[in-house]
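Participant: dropping the sequence and predicted coords here.
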Amino acid sequence: MLLGTLSWAGQAPSWLEASVPNWNKAGAEPPRAPKAPSADPRCSSQARPGVSKDDKAVKDAGWTLVGAAQVFGGTRAFLGAAGFDGMCRPLDYQGFVFVEGQFAGTLAPTPMRARVDGSLMTLRLTSEAALSADFARYLEQDPLCCPSRLASVSYRLEATPAGPLLVVGGTRVEPAPSASRSPATR
């Protein structure tokens, strides 16, 4: 089902529901991390070290690297967080995509928070030029652990004269599997 006419929990339409211009720009730098509360030292085990030029670019923009990077040929996709909540879940996190060391874009127009409508749940790099991601879609009656629906977004990578560009290809919404849980909520 394509998005455009759905309204979730009485909220204004999000980028997952409306046709929005691409927030990614070829040749751009990774966005700066938002200001986050002081990190609890107990959460330091959630961070991973930077091992590549891509990691360094995201860390230099103020993000903490979390989770494993996915790699397919010269394409890398991974998460960065501005901080962690009281349960060491990533706080104000974002998905980053690089091609051959050049920033291609983010998975969402703004950082996300676990257990909130529109938060990233899964990321799949399926080829050097394609990836998909699932985002939580909550209704008012949904418990925070378990969104009732998922928005699956496909992305493609385009080569431009200014560099690689991450572009949203399409979105569909489906009921969430009953066992669905965000890596950020565990």
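Facilitator: Cool, the structure landed. Quick caveat: nothing in here was measured; it's all calculated off a predicted structure.

Participant: how much space separates Pro21 from Glu158?
Facilitator: 15 Å (C-beta to C-beta, to the nearest Å). Any C-beta I mention is one placed from the backbone N, CA and C, and that applies to glycine too.

Participant: so which of these two has more stuff around it?
Facilitator: Each of Pro21 and Glu158 has its neighbours counted (other C-beta atoms under 10 Å); Glu158 has more, 14 against 6.

Participant: find the nearest non-adjacent residue to that one, please.
Facilitator: Excluding the flanking residues, the one nearest Glu158 by C-beta to C-beta, 6 or more residues apart in numbering is Leu165, at 4.8 Å.

Participant: which strand or helix spans the one you found?
Facilitator: Under the criterion of DSSP states H and E, Leu165 resides in strand 163-175.

Participant: neighbouring strands for that strand, and are they parallel or not?
Facilitator: strand 149-160 (antiparallel) (DSSP bridges).

Participant: burial measure for Pro49, as a count.
Facilitator: Pro49 has 7 nearby residues by other C-beta under 10 Å.

Participant: residue ranges for the helices of this protein, please.
Facilitator: Counting by DSSP state H, the chain has helices at residues 53-60.

Participant: show me the strands in the protein, by range?
Facilitator: Using DSSP state E, the strands found in the chain span residues 64-72, 75-84, 90-99, 102-106, 120-127, 130-137, 149-160, 163-175.

Participant: can you list those strands in TSV and add distance to Lys35 and mean pLDDT?
Facilitator: Shown next, in TSV, are those (distance: least, C-beta to C-beta, whole Å; pLDDT from 0 to 100):
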stretch	distance to Lys35	mean pLDDT
strand 64-72	13	95
strand 75-84	7	95
strand 90-99	9	95
strand 102-106	18	98
strand 120-127	20	95
strand 130-137	24	93
strand 149-160	27	93
strand 163-175	25	90
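
Participant: okay, those strands in a markdown table with distance to Pro49 next?
Facilitator: Below are the strands of the chain laid out as a markdown table (distance: least, C-beta to C-beta, whole Å):
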| stretch | distance to Pro49 |
| --- | --- |
| strand 64-72 | 7 |
| strand 75-84 | 12 |
| strand 90-99 | 16 |
| strand 102-106 | 19 |
| strand 120-127 | 20 |
| strand 130-137 | 23 |
| strand 149-160 | 26 |
| strand 163-175 | 25 |
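
Participant: out of those strands, which gets nearest to Arg42?
Facilitator: When the strands of the chain are compared by C-beta to C-beta, strand 75-84 sits nearest Arg42, at 8.9 Å.

Participant: measure Glu158 to Gly169 for me?
Facilitator: Where Gly169 is concerned, Glu158 sits at a distance of 10 Å (C-beta to C-beta).

Participant: what's the burial count for Val71?
Facilitator: Using other C-beta under 10 Å, Val71 has 15 neighbouring residues.
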